[in-house]
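1. give the three-dimensional model of this entry:
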Amino acid sequence: MASVAGRDQFGATMTVSAPTWSAAPSTVATIGSSGVATGVSPGQATITGTVGSLSAAATLTVTPPSPVLTTLTVSLASATVTAGQATQATASGRDQFGAPIDAGLIVWSVASPAIASINTSGTVTAMGAGQTAIRASSGSIQGTTMLTVIPGPANRLILVTAAAGIVSGVPFTTQPIVSVRDAFGNAVASDNSTAVTMTAGSGATVIGTATRTAVSGQVTFTNLGIGGTVGATFTLTFTSAGLVAASQNVTTVPATFGNGTRIVGTDIPAGLFRSPNATSASCYWARLSGFGGTLAEILANDIGGGPCGGGIANPDSGVESSRSATGTQINGPAPTRPTAPG
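-> Below is the predicted model of the structure:
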């Protein structure tokens with residue numbers, strides 16, 4: 001706060017009117033009409049008060065403020081790491097003038113703990129594929145940087161879609177899908193070479209293509225199924241050299257079909273079937289070598305009352321039935337040569 005004191009020609013103090021204030025240079029200090037001076041930057045400024053034709057001046061010295069931490073800059077030894085690897089985070093501080101300053105006690109944290117962890121010393125350990133922010137805090141001042149984690153090498157197989165619709169002798173209604181993962185469970189999307197094979201264990205045979213190769217880290221089976229005793233439980237195991245296998249237990253269910261035409265090996269397996277028709281009802285069955293609707297394509301047929309059924313042979317192309325209750329597969333060997341249903 002600046003002020004002026006007036007004196008008369010005899011040196012006695014006297015009251016003066018409000019002065020007009022000025023400060024020069026204004027890059028060092030400014031002053032308001034009430035005489036309040038404000039420092040702008042370190043240095044010296046002349047404060048002048050004017051009353052009428054009289055002026056008085058004084059020198060104001062502006063000293064720099066004490067430096068305080070204003071910004072934190074976070075850096076990583078490696079901004080992109082593989083899952084399982086570690087990298088070091090460091091934080092540097094600057095004051096309000098942009099000069100380096102001690103950052104003080106740093107508290108570390110990560111935005112996504114599923115992707116990485118960080119200890120009190122700033123050592124970052126990568127786990128999940130993706131990106132996360134690495135954050136340093138000192139009091140109310142924070143700084144961040146981004147860490148990118150990429151999957152590690154293939155380590156295991158994960159069954160992401162389990163096989164379902166397990167009818168012996170025909171493809172699963174839901175085909176299995178297997179994902180190639182690293183040791184931390186991250187999908188290895190860059191993998192286009194891992195070959196995965198499905199086996200079904202003792203007592204079962206695999207039908208269809210049992211080995212498939214990964215595409216973008218995923219193995220999708222098609223037209224895959226198993227043959228085995230109806231009602232038995234089997235273990236489907238998915239393996240690839242050097243990788244932890246995946247597996248699931250399945251139980252075969254009997255195939256069923258009603259009136260209409262079915263393709264053998266696609267809609268219905270070869271085997272023995274029985275339809276529980278009432279005694280008064282008639283039941284027609286025909287085994288087919290083709291689907292052109294000609295008599296020559298009928299391998300064998302039969303019509304009769306009461307429960308009916310018979311065998312569908314492996315070479316058969318299809319089977320047709322009408323006026324029949326739902327036929328259900330029963331355990332027993334499929335015929336290998338044409339035999340009339342009965």
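2. low pLDDT regions in the stretch 201-342 of the chain?
-> Residue ranges of the stretch 201-342 of the chain with pLDDT under 70: 276-281, 304-310, 314, 323-327, 329-342.
3. can you count the residues close to Ala111?
-> By other C-beta atoms under 10 Å, 14 other residues sit near Ala111. In this view, the C-beta of every residue, glycine as well, is placed from N, C-alpha and C.
4. which phi and psi values does it adopt?
-> phi -70, psi -30 (degrees, to the nearest 10).
5. bridged to the residue nearest to it when sequence neighbours are not counted, which residues?
-> Closest residue in space to Ala111, ignoring its immediate chain neighbours: Ala133 at 4.0 Å, by C-beta to C-beta, 6 or more residues apart in numbering. Per DSSP bridges, the residues bridged to Ala133 are Met146.
6. do the same with Val74
-> Ala91.
7. related to what we said a few turns ago, these two touch, right, the residue nearest to Ala111 and Thr148?
-> No - taking C-beta atoms under 8 Å as the definition, Ala133 is not a contact partner of Thr148, at 11.2 Å.
8. so who does Met127 touch?
-> Ala83, Gly84, Ala114, Ile115, Ala116, Ser117, Val149, Phe184 (C-beta atoms under 8 Å, 6 or more residues apart in numbering).
9. apart from its neighbours in sequence, what residue is nearest the third one?
-> So the one you mean is Ala114. Gly128 (4.7 Å).
10. coming back round to it: farthest-separated two in the contacts of Met127?
-> Gly84 and Ala114 (14.3 Å; C-beta to C-beta).
11. neighbour count winner among the two?
-> Between Gly84 and Ala114, Gly84 has the larger neighbour count (other C-beta under 10 Å), namely 17 against 12.
12. follow-up on the earlier one: which residues are in contact with the residue nearest to Ala114?
-> Gly128 neighbours (C-beta under 8 Å, 6+ apart): Ala83, Ser112, Ala114, Ile115, Ala116, Val149, Phe184, Gly185, Asn186.
13. could you dump the residues you listed to TSV with pLDDT and secondary structure?
-> Shown next, in TSV, are the contacts of Gly128 (pLDDT from 0 to 100; DSSP: H, G, I helix; E, B strand; the rest coil):
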residue	pLDDT	secondary structure
Ala83	96	coil
Ser112	97	coil
Ala114	95	coil
Ile115	97	coil
Ala116	97	strand
Val149	97	strand
Phe184	94	coil
Gly185	95	coil
Asn186	96	coil
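14. which of those residues count as buried?
-> Buried members of the contacts of Gly128, counted by 16 or more other C-beta atoms under 10 Å: Ala83, Ile115, Ala116, Val149, Phe184, Asn186.
15. check contacts around the residue nearest to Ile101 when sequence neighbours are not counted.
-> Excluding the flanking residues, the one nearest Ile101 by C-beta to C-beta, 6+ apart is Asp95, at 4.4 Å. Listed by C-beta under 8 Å, 6+ apart, the contact set of Asp95 reads Pro67, Val68, Leu69, Thr70, Ile101.
16. closest one of the contacts of Met127 to Thr197?
-> Using C-beta to C-beta, the contacts of Met127 come closest to Thr197 at Phe184, 24.5 Å.
17. the stretch 201-342 of the chain: strands as residue ranges?
-> Using DSSP state E, counting those that start in this stretch, the strands of the stretch 201-342 of the chain run over 205-207, 211-213, 218-220, 225-227, 233-239, 246-251, 256-257, 260-263, 271-275, 282-288, 298-305, 308-312, 318-322, 327-330.
18. in the helix or strand harbouring Thr87, what's buried?
-> If you go by DSSP states H and E, Thr87 is part of strand 86-95. Going by neighbour count (16+ other C-beta under 10 Å), the buried part of strand 86-95 is Thr87, Ala89, Ala91, Gly93, Arg94, Asp95.
19. before we move on, back to that, narrow the contacts of Asp95 to those in strands?
-> Using DSSP state E to define strands, the subset of the contacts of Asp95 located there is Leu69, Thr70, Ile101.
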